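Chemist: My questions concern the predicted model and sequence given below.
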Amino acid sequence: MAAFLQMNIRLNSIKIVPGRYSSLTDHQFRAPYRIRCAAASPGKKRYNIALLPGDGIGPEVISVAKNVLQKAGSLEGLEFDFQEMPVGGAALDLVGVPMPEETFTAAKQSDAILLGAIGGYKWDKNEKHLRPEMALFYLRRDLKVFANLRPATVLPQLIDASTLKKEVAEGVDMMIVRELTGGIYFGEPRGIKINENGEEVGISTEIYAAHEIDRIARVAFETARKRRGKLCSVDKANVLDASILWRKRVTALASEYPDVELSHMYVDNAAMQLIRDPKQFDTIVTNNIFGDILSDEASMITGSIGMLPSASLGESGPGLFEPIHGSAPDIAGQDKANPLATILSAAMLLKYGLGEEKAAKRIEDAVVDALNKGFRTGDIYSPGNKLVGCKEMGEEVLKSVESKVPATV
Ligand SMILES: NC(=O)c1ccc[n+]([C@@H]2O[C@H](COP(=O)([O-])OP(=O)(O)OC[C@H]3O[C@@H](n4cnc5c(N)ncnc54)[C@H](O)[C@@H]3O)[C@@H](O)[C@H]2O)c1
């Protein structure tokens with residue numbers, strides 16, 4: 001197993017890539033591809049990274065995270081070939097669709113994708129298929145990244161930022177594994193239809209095939225195995241048939257992972273337990289909609305949405321790495337965004353996407369170091385610390401990456 005951690009190491013590779021979007025017109029998007037040779041320097045490994053900054057604070061946090069990724073990588077003998085492409089509202093403005101084919105091709109051909117955020121007021125009234133957020137659906141679906149890993153860790157430096165009591169929040173360290181490409185968000189039948197009484201009805205279908213449950217459960221068992229060996233599967237098996245099958249398949253797989261302690265919990269109880277006693281959780285696995293809600297709830301325990309990274313992985317192909325926050329249009333362009341979620345997403349890219357754990361550890365350590373030195377963006381600021389903007393926080397993390405001794409994993 002562990003195909004989900006498959007590495008895509010391409011050394012001295014020749015790749016076919018589209019031109020850069022900054023100079024692209026609609027016509028140019030259809031122009032013939034050019035061929036680029038990506039050769040690594042002697043003794044170095046080279047990776048192709050697709051950068052999708054997106055909208056709002058996306059470009060600000062991506063620019064900072066790119067520098068940190070480059071520096072941490074270079075200290076571990078890694079070279080990156082970055083290719084920046086438009087997505088979401090930026091792509092709508094440029095070529096009229098939220099996910100241009102060329103952006104998808106570049107993402108698909110890369111070794112890993114780092115995405116900022118998508119969406120904004122400007123496009124809020126667009127028809128559904130022309131909303132920026134559709135790009136995320138297309139990207140996840142077409143890359144077949146079915147496993148979404150979202151860590152929620154309360155750092156001791158930020159304990160005061162949690163809305164929970166200190167003794168409840170202290171020491172929380174969990175990973176939520178959310179199924180990302182199935183369930184009610186994609187199930188058929190769906191849509192708004194007219195019923196036999198002539199009344200409008202909205203239909204969404206929660207549906208899971210056995211193989212979809214098995215593959216996400218395996219990712220979760222493998223993840224729990226590398227953590228504290230505890231896996232809690234969250235469902236609604238007292239009501240939903242899809243959950244009954246979910247529980248049956250997860251239970252059956254447990255015999256393959258005797259070192260992992262499996263438990264089950266109904267989602268309503270899980271929502272309560274996350275607030276009552278979050279420390280009880282190590283790894284949680286759940287379906288698409290429950291994972292969407294519970295991971296946002298868990299993120300609040302840590303204090304700020306600006307701190308939380310995520311990884312979306314498939315069985316093969318590049319993984320998608322992005323902060324969990326949105327484009328924060330209320331603070332966009334003001335140098336107020338917290339870039340740490342995106343920087344930590346870059347660390348997840350190195351660790352889960354490329355298998356470069358040492359470089360990942362350099363970034364994780366540098367983030368802790370910058371926080372230890374008291375640097376805080378507005379969202380995590382508390383009196384006695386030094387208030388900095390997005391760029392300065394990035395510079396401080398860069399300094400810490402440079403100054404730390406080589407990471408041991
Ligand atoms: N993955 C994504 O790209 C994604 C996820 C969620 C929402 N969105 C989109 O983002 C737009 C705004 O949505 P929203 O306001 O509901 O959610 P949001 O996450 O963008 O913002 C919620 C609040 O958190 C703050 N915030 C978010 N990230 C921050 C950061 N890094 N540093 C400091 N503060 C931060 C914002 O200023 C805002 O007050 C919408 O168009 C929505 O559809 C995109």
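Modeler: Good, I have the coordinates. Numbers count the residues shown, from 1 in each chain.
Chemist: separation between the closest residue to the ligand within the stretch 151-300 of the chain and residue 326?
Modeler: Per CB to the nearest ligand atom, residue 296 is where the stretch 151-300 of the chain lies closest to the ligand, at 9.1 Å. (Each C-beta comes from the backbone N, C-alpha and C, glycine too.) Going from residue 296 to residue 326 by CB to CB, to the nearest Å gives 11 Å.
Chemist: helix, strand or coil for the residue lying closest to residue 41 once chain neighbours are set aside?
Modeler: Among residues not flanking residue 41 along the chain, residue 79 sits closest, at 6.4 Å (CB to CB, 6 or more residues apart in numbering). Of the three states, residue 79 takes strand under DSSP: H, G, I helix; E, B strand; the rest coil.
Chemist: Now do the contacts for the residue nearest the centre of the chain.
Modeler: Of all residues in the chain, the one closest to the mean position by CA atoms, centre = their mean is residue 310, 2.6 Å from it. Residue 310 makes contact with 148, 149, 150, 321, 322, 323, 324, 345, 348 under the criterion CB atoms under 8 Å, 6 or more residues apart in numbering.
Chemist: Mind picking the lowest-pLDDT entry from these?
Modeler: When the contacts of residue 310 are compared by pLDDT, residue 324 scores lowest at 91.
Chemist: and the closest residue to it other than its chain neighbours, how far is that from the ligand?
Modeler: Distances taken as CB to CB, 6+ apart place residue 308 nearest to residue 324, at 4.6 Å, with adjacent residues excluded. Relative to the ligand, residue 308 is positioned 9 Å away (CB to the nearest ligand atom, to the nearest Å).
Chemist: can you check residue 92 too?
Modeler: From residue 92 to the ligand the distance is 12 Å (CB to the nearest ligand atom).
Chemist: Same check on residue 87?
Modeler: Taking CB to the nearest ligand atom, one finds residue 87 at 9 Å from the ligand.
Chemist: about what we covered before: what residues are bridge-paired with the residue nearest to residue 41?
Modeler: residue 46 (DSSP bridges).
Chemist: Just the pLDDT for it.
Modeler: At residue 79, pLDDT is 97.
Chemist: and it, how many residues sit next to it?
Modeler: 15 (other CB atoms under 10 Å).
Chemist: same deal with residue 261?
Modeler: 14.
Chemist: Please identify the nearest residue in space to it, excluding sequence neighbours.
Modeler: residue 230 is the one closest to residue 261 (CB to CB, 6+ apart), at 5.0 Å.
Chemist: same question, residue 394
Modeler: For residue 394, the spatially nearest residue (CB to CB, 6+ apart) is residue 64, at 3.2 Å.
Chemist: my read is the one you found is in a strand, agree?
Modeler: No. Residue 64 sits outside any strand when classified using three-state DSSP, being helix.
Chemist: about what we covered before: I figured the residue nearest to residue 261 hits residue 257, correct?
Modeler: No. Counting by CB atoms under 8 Å, residue 230 does not reach residue 257; the two are 11.3 Å apart.
Chemist: Can you pull the residues that touch both of these two?
Modeler: Going by CB under 8 Å, 6+ apart, residues that sit against residue 230 and also against residue 257 are residue 224.
Chemist: re earlier: the ligand next: which of the contacts of residue 310 are close?
Modeler: residue 322 (CB under 6 Å from any ligand atom).
Chemist: Just the contacts of residue 310: which are in helices?
Modeler: Of the contacts of residue 310, the ones assigned to helices by DSSP state H are 345, 348.
Chemist: Just to be sure, which of the contacts of residue 310 are found in strands?
Modeler: 148, 149, 150, 321, 322, 323 (DSSP state E).
Chemist: on that earlier part again, might you report the residue contacts of the residue nearest to residue 41?
Modeler: 40, 41, 44, 45, 46, 47, 73.
Chemist: on that earlier part again, can you give me the separation between the residue nearest to the centre of the chain and residue 203?
Modeler: 29 Å.
Chemist: Please identify which helix or strand holds residue 243.
Modeler: Here residue 243, judged by DSSP states H and E, is contained in helix 241-253.
Chemist: Next SSE downstream of that helix?
Modeler: Past helix 241-253, the next helix or strand by DSSP H and E is strand 261-266.
Chemist: And that next one, what does it pack against?
Modeler: strand 230-235, helix 241-253 (3 or more CB pairs under 8 Å, 6 or more residues apart in numbering; DSSP states H and E).
Chemist: Tell me the secondary structure of whichever residue of the stretch 1-150 of the chain sits closest to the ligand, please.
Modeler: The ligand sits closest to residue 119 of the stretch 1-150 of the chain, with a gap of 2.5 Å, by CB to the nearest ligand atom. Counting by three-state DSSP, the backbone at residue 119 sits in coil.
Chemist: so it makes contact with residue 132?
Modeler: Yes. Counting by CB under 8 Å, residue 119 touches residue 132, with 4.7 Å between them.
Chemist: what do these two both touch?
Modeler: 54, 55, 88, 89.
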